[in-house]
Structures are given as C-alpha cells and as structure tokens.
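# build the 3D model from these lines:
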Amino acid sequence: MKRLFWIGLWLGVWVAVQAQNAVHDTGRLEFGVLGQGFLAAGIESGAIVPNFVYPSDAPDARPLLENFSEIWVGTAQPPVASALDPTPDGLVDFGEWVMTPTGAPQSQMLSPILQEVLTVYEATPATTPQLPFSLRVEQFTYSWNDPALPESNGVVLKLIVTNQGQLPLDGVGVALATNWDVDPQILAQGKPSQDLVQWDQERQASVVFSSLTGATGLHAATVLIQGPLFAHRIAPVQTPWTFNDTARAQVLGQPIVQPETILPNNYFTFVVAGPVRLDGLNPRIFLFALVGGTDRSDLEQNIEAIAEAVTRPMNPRAEVTDEGVLIGWDPPIRTDLSGYSLLRATDPNGPYAPIGPRILETREYLDTETAPGTTYYYRVDAVDTAEQPFGVPSEPVSVQTVPKPPRVRIAGVEVLGSGYDLTVRVRVALPPDLEATDLQLQLLRNESGEPPFTPIATGPVTETLEDREIDPNRRYYYSVRLVHRSGRTGDLSEPVLVETPPAVAATPSDFGAFRVAPNPFDRSRHQEVRFENLPAPVDVFVYTITGRRLAHLFSDGPTLVWRPDPELPNGVYLFQIQKVREAVSDGPEDAPREERPVNRFGKLVIVDRMP
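Model (predicted):
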C-alpha cells in the first residue's frame, strides 16, 4: 500500500460501488481477485492493495506482487485496454476495462481442493469513445488449496478474450504486466529494490529474485502456459508506476524476448502472448500462471507441477453397464487439445495400454472388451494439437466387472402408528436362490413416483425395511434395489404408493400474519431466510422436492432464522411449520385431552442471482 496515499481520495467513490473481491487461500499463498484487469488484491480506504502474499505460512509473509500489476489486451497501435492509465498531470486514473453488470468475482469449489473464481470485464467504445474495438474478457483464476501440493504455490489465470464486434481484429496481443518485489530489504524504508529478472525459455517464465540472495532466496515468476509466446520485456519502474498506451502498444507490437537484467532494480516484466486474429464473437483462450518458490529449484518444480495440473483431465469416473464399462471425465483447465487418449490396466501401478480410438473427441467411452469378475483401472490423457499425448494422465479410476444384481420387488407396505409417530414398513420379495454375500438392499423414496428417487437407507439384505422419517398427510412412493459392494446397482422395483394419515387442519388465524422472506432467496444478495410472525412455539422442517429432510428447527419466538448451506443446489424446496395445540377429545367430556399438531406448508425457491 506504499506509494499510493496521494490517490486515495479520488478512489473512494469508486470503491463504494466496485471494490468487491474474492480470495484464493491455498495455505501457501493468498491471492485476491479484484477483476477489471487488475492483478491487485483489492482496494482498501482508496488505495490499491498489493497481492500474492507468499509464503503465507511464514511469519514474515508479505505481498510480492505490487499494486499496478495488470492485464493488457490490444494491438501494436494504441489505445490498449488496461486497468489503469496515467493522467497528463502525473497521476493515475482508471483505464479502459469496466466490470460488466454481473461480472463481480464469484468463487466456487470445483473439487474439495480446486477453487475457481470468475470475473468478467470489457472495454468498449460505449465507455471509452476512442477505442477502435470492443473486447470482453472472462477471467477464471484457479488454485489448489492443499499446502502439501507443489501446485499450491501458484494461481492460474485463464483469459477468454472475445471480439464483440462484427469485423475481425488482427494482431491482438495479451500481456501480463507484473511488478514483483521479491527483494527482502523492500521492507526497509528508503532502500531501493535489488531485484533481478531472468527469462526461463524452457518453462516460458519471467523469473524475479533478489540479487542479495541469488538462487537460494525467494523467487516469483509470471508464466505463459497456453498461447503463442510473442515477447518478454523488462522495464524499470518509474512514476507514475504505469504506462501510457503508446508504450503499451510498443510492448505488444515488438517480438523481443529480453533474456535478463544485469543491474538490480525494481522492474516491471511483460509476458506477451499473440499476436492472434480475433474473429467476431469467436473467443481465444490464454493461460498464464503466477508462481512462487522458496528458491530457484523450488520455483521450477512448482511451475512444472502447475503446468501438469492444468493439463490433467479431471474427475475420472467409471461404471459397469449391461454393455460394458462406461468411462467419463471432465476436461482439464487448459483448452489447446485435439482430444483424449484412454488407458487401461488390471493393476493400479500399470502397465497401462491405450484402448479405443487413438484420439477420442468426446469425454466418455464405452469399453466393451472386458472380462467378467475383473477389476480394471482407467486413466485419461489429454492429446495436444499436434495429436500427441501430453503424458500427464488423470488419476486412475477403478471398476469391477460384476454381474448386474437381480431385480427385487416390493411385496407389500403398511403404515404403523398415529399422529406424527409414523413408520412405513416395506416388505421385499427376494429371489429364493439369491446369493447375498456381496449385496446390500437399498430403500428409495420420492413424492412423484417418477425418477429420480432418493436413497434413504442402505443395509443388509432383509425381507423388511422401515422408514421413520415421514410426516402425516403425505404421499410417498417407495422403490427398492440391490447394490453390489463394487457400486453396481440392480434395476429399481416398480414404485409403490403410500398415503400417510392426515393431520388436524390448521386454524387460519394461527398463521394469519405468517410469512417467509426473502422468497425467492437469492444467495448472491441474501444471507438468511426469515420465518416471521410465527405462532410460537413451533417446529420448522425443510425438505427437498423428493421428500428428503434437510433441516429441523425450533422457535420459541415469533421469528426464526435459517441460513441455507452454500452447497445447496438451486431449486424449489418445501417447508412445514408445525405447532402443537390443544384439541377437544373425541371421547366423553371427562376423557383426557390430547395435543394434536397444526401445520402450515409452503415452498421456498433458492436461486443464484436475479435481475
């Protein structure tokens, strides 16, 4: 945050409406995503915040990527789209990039450790009249949030650049302008930076390190992973710490790869991909990485680990079908592929041999050449545009080719109990010669009678199953099936309808002022759902549309707050408000009275974003 006190005042208005960010925290580094072409962590009190705190688990951790680092897109002719621009009076103003109305950073977990943040911004003549083009950037950043992995030492930036005009745009370059301050004495007042820069051609990395520590000290790098390398440029940092469009256009227009610096200084480095032709509405994708290392060797290992991680197909899966083994997978982060190669082995350690077509253009394959009772291991390797495997296959996924379990049927059902103490007992007809050693029986339920059904219990093979998680005055459809320990399932039985006895109807005055707000619940704007004007005390139940109970809450006051799980999918959910009230006995006047529940039912809609 040094060097920026003099721009704090005019940034304050912008902060109030724009400075929303997301954070990658891998356990090894912290990297904020601000969007709008910035590589800064955010804006606080009107000042642009440096980024890339590394190594974040060290007591002296500090941000290594300085404030004015940014993303440029343009041609050899100015102007160039950027986050910041110098003003004629020596100050700095915002550049051409503008956040789209829905482009604020949004984070999600693609796996237990893989985090993705998306932000969208654009540069158009509508906001910058002198621009001769209209560009849109979808910026995805990725991190692996497991400090034990070498790839946790960096973040990946995938930039999807689209020409929003009708005419093609030639000679487009994309650059990461990064100002790394690695020199440890940068913390001391009044001491100039003593950083050096070297270009690592093998890894296409601009490497920055301190001349005071050399190869044994902290390192940082800007890496090009996908996209044609055009230039690597180095320039000393000068006030006002950013560049005008003429200087930017020269960087994007001259194919110069500077190998290194001789004298220590505070440097900007520019890694440029391109030039490419952008046809109208036809996006091009570029992949960069920002990587740290505790020394030169560690940095190189981390760069290579990240290059492999973005190349490896993700989430491989396999299941046995009647026709063979169906294998599927998700694409890797990088996109410069011609297809995939599928490998198979009968031992997890290999050897793996290719199966199927030499290049698969889809993300699934049916392996019909399998033997019964065999465990197979599959891995998927991406194939480059030269039709050669990258040699970075996915983790293996295994499957056992077992016969499909036989179909069973429901022989009968009955409802036991009364009020809210109900049990549905399901009797199952099993084949007389069933070998159940490796099998389990699964009970499934929904309220439509059509797939999908929700599994509610899986256990030993038995002729009787029970469901106690039910409510009165409901219609439930039940089905059963056998499941092999390998995961292969038998066919569902024909569903059987069960109608539970009705509860006492609610008196309208009990819930006359009741309401649920907000409904719909927009998770991008709301934090909680409020059940208001409740006739306390009450129990509140929340269910999926298939009848699976998600929450059981209690309120002894007029208002109840529920915070939906962030992982809860968008959709329609059911709620039930249950109040216990005194009712007249059905027997003689002197007979004991009983308390009967009064219910109110409704629907709650959960969405991500509403206009």
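
# endpoints of stretch 531-540, how far apart?
Stretch 531-540 has an end-to-end distance of 9 Å (Cα to Cα, to the nearest Å).

# flag every buried residue along that stretch.
The neighbour-count check on stretch 531-540 (16 or more other Cβ atoms under 10 Å) flags 531, 534-535, 538-540 as buried. All C-beta spots, glycine's among them, are computed from the backbone N, C-alpha and C.

# pLDDT (mean, whole number) over it?
Averaged over stretch 531-540, pLDDT sits at 87.

# repeat for stretch 113-132
Averaged across stretch 113-132, the pLDDT comes to 94.

# in the stretch 101-250 of the chain, what residue spans correspond to strands?
For the stretch 101-250 of the chain, strands defined by DSSP state E, counting those that start in this stretch occupy the ranges 106-109, 114-123, 135-144, 154-163, 169-178, 195-200, 205-210, 219-226, 229-236.

# need these in TSV with distance to residue 575 and mean neighbour count, can you?
Written out in TSV, the entries for these read as follows (distance: least, Cβ to Cβ, whole Å; neighbours: other Cβ atoms under 10 Å):
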stretch	distance to residue 575	mean neighbour count
strand 106-109	26	14
strand 114-123	31	22
strand 135-144	36	22
strand 154-163	40	23
strand 169-178	49	23
strand 195-200	58	20
strand 205-210	54	25
strand 219-226	47	25
strand 229-236	57	19
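
# quick revisit: which one among the buried residues of stretch 531-540 gets closest to residue 381?
Nearest to residue 381 among these: residue 540, at 50.7 Å, using Cβ to Cβ.

# what's the pLDDT at the residue nearest to that closest one when sequence neighbours are not counted?
Excluding its sequence neighbours, the residue lying closest to residue 540 (Cβ to Cβ, 6 or more residues apart in numbering) is residue 553, at 4.3 Å. Listed pLDDT for residue 553 reads 91.

# one more: residue 417?
On pLDDT, residue 417 comes in at 87.

# before we move on, back to that, using CSV, lay out the buried residues of stretch 531-540 together with distance to residue 351 and secondary structure.
Shown next, in CSV, are these (distance: Cβ to Cβ, whole Å; DSSP: H, G, I helix; E, B strand; the rest coil):
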residue, distance to residue 351, secondary structure
531, 60, strand
534, 65, coil
535, 70, coil
538, 64, strand
539, 59, strand
540, 58, strand
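
# could you dump the residues you listed to JSON lines with distance to residue 387?
Formatted as JSON lines, the buried residues of stretch 531-540 follow (distance: Cβ to Cβ, whole Å):
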{"residue": "531", "distance to residue 387": "59"}
{"residue": "534", "distance to residue 387": "65"}
{"residue": "535", "distance to residue 387": "70"}
{"residue": "538", "distance to residue 387": "65"}
{"residue": "539", "distance to residue 387": "62"}
{"residue": "540", "distance to residue 387": "59"}
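
# which one of the strands of the stretch 101-250 of the chain lies closest to residue 279?
When those are compared by Cβ to Cβ, strand 154-163 sits nearest residue 279, at 6.7 Å.

# by contact count, what packs against the closest one?
In terms of contacts (3 or more Cβ pairs under 8 Å, 6 or more residues apart in numbering; DSSP states H and E), strand 154-163 is packed against strand 70-74, strand 135-144, strand 169-178, strand 267-278, strand 284-293, helix 296-309.

# let's go with 6 Å and repeat that
strand 135-144, strand 284-293 (3 or more Cβ pairs under 6 Å, 6 or more residues apart in numbering; DSSP states H and E).

# let's have the ones you listed in a markdown table, adding distance to residue 37 and mean pLDDT.
What follows is the helices and strands packed on strand 154-163, written out as a markdown table (distance: least, Cβ to Cβ, whole Å; pLDDT from 0 to 100):
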| stretch | distance to residue 37 | mean pLDDT |
| --- | --- | --- |
| strand 135-144 | 7 | 98 |
| strand 284-293 | 13 | 98 |
